[in-house]
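Asks: here is my input, please return the structure:
(chains A, B, C, D, E and F)
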There are 4 protein chains.
Amino acid sequence: MRPGGTPAQQRDLRAQGRRTVARLLDAGLRSFETIGYAATRVDDIVRMADTSHGTFYLYFASKEDLLAALAKECAAEMEALADGLGPVGPGADGREQLRAWVQRFVDVYRRYGPVVRAWSESQIADPALARLGQRSLRRITSKLTDRIAEASRPPGIDPAPAAFALIGMLERVNYFVLSRGLPVDDAAAVDTLAAVLHTGIFGGRPARRAPTGGRGRR
Amino acid sequence: MRPGGTPAQQRDLRAQGRRTVARLLDAGLRSFETIGYAATRVDDIVRMADTSHGTFYLYFASKEDLLAALAKECAAEMEALADGLGPVGPGADGREQLRAWVQRFVDVYRRYGPVVRAWSESQIADPALARLGQRSLRRITSKLTDRIAEASRPPGIDPAPAAFALIGMLERVNYFVLSRGLPVDDAAAVDTLAAVLHTGIFGGRPARRAPTGGRGRR
Amino acid sequence: MRPGGTPAQQRDLRAQGRRTVARLLDAGLRSFETIGYAATRVDDIVRMADTSHGTFYLYFASKEDLLAALAKECAAEMEALADGLGPVGPGADGREQLRAWVQRFVDVYRRYGPVVRAWSESQIADPALARLGQRSLRRITSKLTDRIAEASRPPGIDPAPAAFALIGMLERVNYFVLSRGLPVDDAAAVDTLAAVLHTGIFGGRPARRAPTGGRGRR
Amino acid sequence: MRPGGTPAQQRDLRAQGRRTVARLLDAGLRSFETIGYAATRVDDIVRMADTSHGTFYLYFASKEDLLAALAKECAAEMEALADGLGPVGPGADGREQLRAWVQRFVDVYRRYGPVVRAWSESQIADPALARLGQRSLRRITSKLTDRIAEASRPPGIDPAPAAFALIGMLERVNYFVLSRGLPVDDAAAVDTLAAVLHTGIFGGRPARRAPTGGRGRR
DNA sequence: GATGAATGAGATTTCATTCAT
DNA sequence: TATGAATGAAATCTCATTCAT
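Replies: The predicted structure follows:
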């Protein structure tokens, strides 16, 4: 659990060491959240984790190594999420299932959003890390592509770009709403996202009468 | 036209100076595109613009100041784009109109994408710049919100989050496809985006028979 | 003791760190002495202290911050000096006491002269530093003003400007004689200063034996 | 009149050129006054003189060259001032004469104070300029030394250091009172300075009854 | 296991001076 | 005579990483 960076993996940590690793990972995540990966200094992380520079390098080979550790956690979560999406039918239950899945995405993103963003930021960076990201993104979109392809999707929808549209829409709306404090109600956002995806991508029939929405809140 | 940064605005430039400003802005944009804002050094910019550090600081107070100048241009383009979207009807012409608009977004983003991304990256950074971004985003989404609200949208769609979904989806797909070399055909992407938005957000009727879609991915 | 600059005060230093701070302070003082504050480069200081730029900024925020640290030491010394001046009587013992005090001023100035001068040089610069200087000067002159006011001073002497005259005369003569190599004997300078101050400001009677004196009024 | 710097002296200026030189000299003086010589940028000077960098170097070889031009003016004034001090008698007329002379010093210093200070600041700087300053200081103090030596000075007063004390006291008090806004009345300062010098250095008899002082203003 | 100290390469920024018009 | 543009050497400052205790 939470294996830490390269140097940490070459030893077997005791309880105290594992706690320190966790503190550093959390501090990194928090700082990436607040000021972004690029702007985060190792000093910020160790101050937040209430430890020292020396200790940081006891467990991580570099700042990027810590990002990589977080990224592995994040990739695992995201892939599990993608795998958790079953076939989406056109009816009300399909929509409801989609809604639940979007909600799960929100939960994961609330924790790992900073990592996802750091990933895009650190454009070329470490090739190994970049490959990890691309591989993960490919797995996720390929799973989604399959789900879209098998659905009774409307004409004009090409499954591959639609998968990118799906994941991109989720990511950005979550970013806008969670990280910036945008003036949008969370529940309404989840409902709307599910509706757009269902109707627009999975060929869902619009809900007869919207139990929650339709009143056009602003 | 292309007013340059803070120091440049306090003098009135001659033709030569204006040319240099333009060269620096272009070089900055190109470098942000290639290696990202964070990774770009002032040195990269001046080498690309074939001038000296001293000259850079004659026209811009800092790298962030250059970003701000580009951001103003970008905000103007994006707001014009938003204003250019007329009412979207549910029929084939509504869909076609949306497709054309998405294509225009692609064109603008091809130029200013790096700025848009830098904007999110440089999270809190300079407050004035952050405010500019928020104001601009608000204007754009508010315009889109109006268009969505007046359309015969499907139930379950709340216009405000839908506007964020719209712009977020466009932004990310363009980023994936344009900036990363993702394995998606451009035209198919535009068609699919237009279709998702039309059906999923503006309550458009699905096209009778999809002329472009259905052929799978590449 | 010797608390260092702003960054140093936010941590608690160990012995090694305190030694480094002291080395930097001494190197700064020496360089200010030799070539003046304005002409001193951080590079001069770190070379003299046999350390690196990085280390300098570990303990001081800037060259000015180091000056401020020295200034605090200097202000404390100067204020202690001012407090050490007792009532000055008109007789030989008053004169002798004044002479001893002037000699102590010389000793303090020999160490902190460069700081005093840098203080006036860096005219408005950092407002906090300027305020510190003004406050200190006010304390010193106010103490001196009191001593002058209580002495049997000659008519025409207003204590407040006289205090400035006293401190100004001491400062400049020390600067001329100590820092520039002006052709004046140190002991004669101290004697003369004490005599001028005693007779001219504190209403002292001229010394008994004197080839030119003896017209002994009062 | 106001010959300008080295480059200017190699041409003969027309009216317009002479006006520009004067504007630059004044701007320099004003800036030295406000923020000091070291902190003054050529840019400050040309902006204040409402002209350009190119023009500056048309008339002055460097920033230091402008200081040198001002310094020559200043040295001439100061030496004339020193020459203007006649023998100082011990009586009331001697004191009055001294008072008038101190007042003339104040007038000169009000204009050239910044130059005097820049002179001390720019410690080693250009050797030619340094020599000019030392020569001028020597002339002035030597003249003053003679006047002190010939006066019926009190015992314990060595003329050479006394001359430095005299000029140093005048300089600093003027600096404190004129340049810093110190809480001292100008007229009282002049009276007090004259009294201190007369009694303390020139062996003057104290005034019978003090017209201004004695009540110990603060 | 943990820490504060130190480093130095590299990035940013300044500014006196020269140049082209 | 005047100007804005350009320069580049030098100065300041940052920060990931290593080291000694």
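Asks: please count neighbours and contacts with C-alpha atoms only from this point.
Replies: OK.
Asks: and the longest helix for chain A?
Replies: Scanning chain A for the longest helix, with DSSP state H as the assignment, gives helix A:92-121.
Asks: near DNA strand F at all, that one?
Replies: No. Residues of helix A:92-121 are not located near DNA strand F by C-alpha under 7 Å from any atom of the strand, the shortest gap being 13.9 Å.
Asks: helix B:92-121 and that helix, what's the angle between them?
Replies: 40 degrees (axes from the mean of the first three to the mean of the last three C-alpha atoms, to 10 degrees).
Asks: please identify the buried residues of helix A:92-121?
Replies: Neighbour counts over helix A:92-121 (16 or more other C-alpha atoms under 10 Å in any protein chain shown) mark A:94-103, A:105-106, A:109, A:112-121 as buried.
Asks: now stretch A:34-42
Replies: Buried, per 16+ other C-alpha under 10 Å, within stretch A:34-42: A:Ile35, A:Gly36, A:Tyr37, A:Ala38, A:Ala39, A:Thr40, A:Arg41, A:Val42.
Asks: pick out whichever of the residues you listed sits closest to DNA strand E.
Replies: Distances from DNA strand E to the buried residues of stretch A:34-42, taken as C-alpha to the nearest atom of the strand, are shortest for A:Val42 (10.2 Å).
Asks: let me know the pLDDT of the closest residue to A:Ser52 other than its chain neighbours.
Replies: Nearest in space to A:Ser52, with sequence neighbours left out and distances taken as C-alpha to C-alpha, 6 or more residues apart in numbering or on different chains, is A:Val46 at 5.5 Å. Model confidence at A:Val46, given as pLDDT, is 97.
Asks: one more: A:Gly17?
Replies: The predicted local confidence for A:Gly17 comes out at a pLDDT of 88.
Asks: in chain A, which residue sits nearest DNA strand F?
Replies: Using C-alpha to the nearest atom of the strand, the closest approach of chain A to DNA strand F is made by A:Ser62 at 3.3 Å.
Asks: contacting residues around the residue in chain A positioned nearest to chain B?
Replies: Taking C-alpha to the nearest C-alpha as the measure, chain A has A:Gly200 as its residue closest to chain B, at 3.6 Å. Taking C-alpha atoms under 8 Å, 6 or more residues apart in numbering or on different chains, we find A:Gly200 in contact with A:Pro154, B:Ala195, B:Val196, B:Leu197, B:His198, B:Thr199, B:Gly200, B:Ile201.
Asks: for it, give its distance to C:Ile35.
Replies: The gap separating A:Gly200 from C:Ile35 is 75 Å, by C-alpha to C-alpha, to the nearest Å.
Asks: kindly report the same for A:Arg14.
Replies: Taking C-alpha to C-alpha, one finds A:Arg14 at 57 Å from C:Ile35.
Asks: near A:Leu85, how many other residues are there?
Replies: A total of 16 residues lie near A:Leu85 under the criterion other C-alpha atoms under 10 Å in any protein chain shown.
Asks: hmm, the residue nearest to A:Ser52 is touching A:His53, no?
Replies: Yes. Contact status for A:Val46 versus A:His53: in contact at 6.3 Å, counting by C-alpha atoms under 8 Å.
Asks: give me every residue in chain A lying close to DNA strand F.
Replies: Applying the criterion C-alpha under 7 Å from any atom of the strand, the portion of chain A that neighbours DNA strand F consists of A:Ala39, A:Thr40, A:Arg41, A:Val42, A:Asp43, A:His53, A:Gly54, A:Tyr57, A:Ala61, A:Ser62, A:Lys63, A:Glu64.
Asks: pick out the most distant pair among those.
Replies: A:Ala39 and A:Gly54 (20.5 Å; C-alpha to C-alpha).
Asks: let me see the contact set for the spatially most central residue of chain A.
Replies: For chain A, the residue lying nearest the average C-alpha position, counting by C-alpha atoms, centre = their mean, turns out to be A:Tyr109 (4.2 Å). By C-alpha under 8 Å, 6+ apart, the contact set of A:Tyr109 is A:Glu171, A:Asn174.
Asks: before we move on, back to that, from DNA strand E, how far out is the residue of chain A closest to chain B?
Replies: Taking C-alpha to the nearest atom of the strand, to the nearest Å as the criterion, A:Gly200 is separated from DNA strand E by 44 Å.
Asks: pLDDT score for the closest residue to that residue other than its chain neighbours?
Replies: Of all residues beyond its chain neighbours, the one nearest A:Gly200 is B:Gly200 (3.6 Å), with distances taken as C-alpha to C-alpha, 6+ apart. In the predicted model, B:Gly200 carries a pLDDT score of 95.
Asks: what does A:Ala22 give?
Replies: Spelled out, the predicted local distance difference test score at A:Ala22 is 96.
Asks: how about it, secondary structure?
Replies: Local secondary structure at A:Ala22 is given as helix here, using DSSP: H, G, I helix; E, B strand; the rest coil.
Asks: outline the domain layout of chain A.
Replies: A:6-61, A:68-200 (automatic domain parsing).
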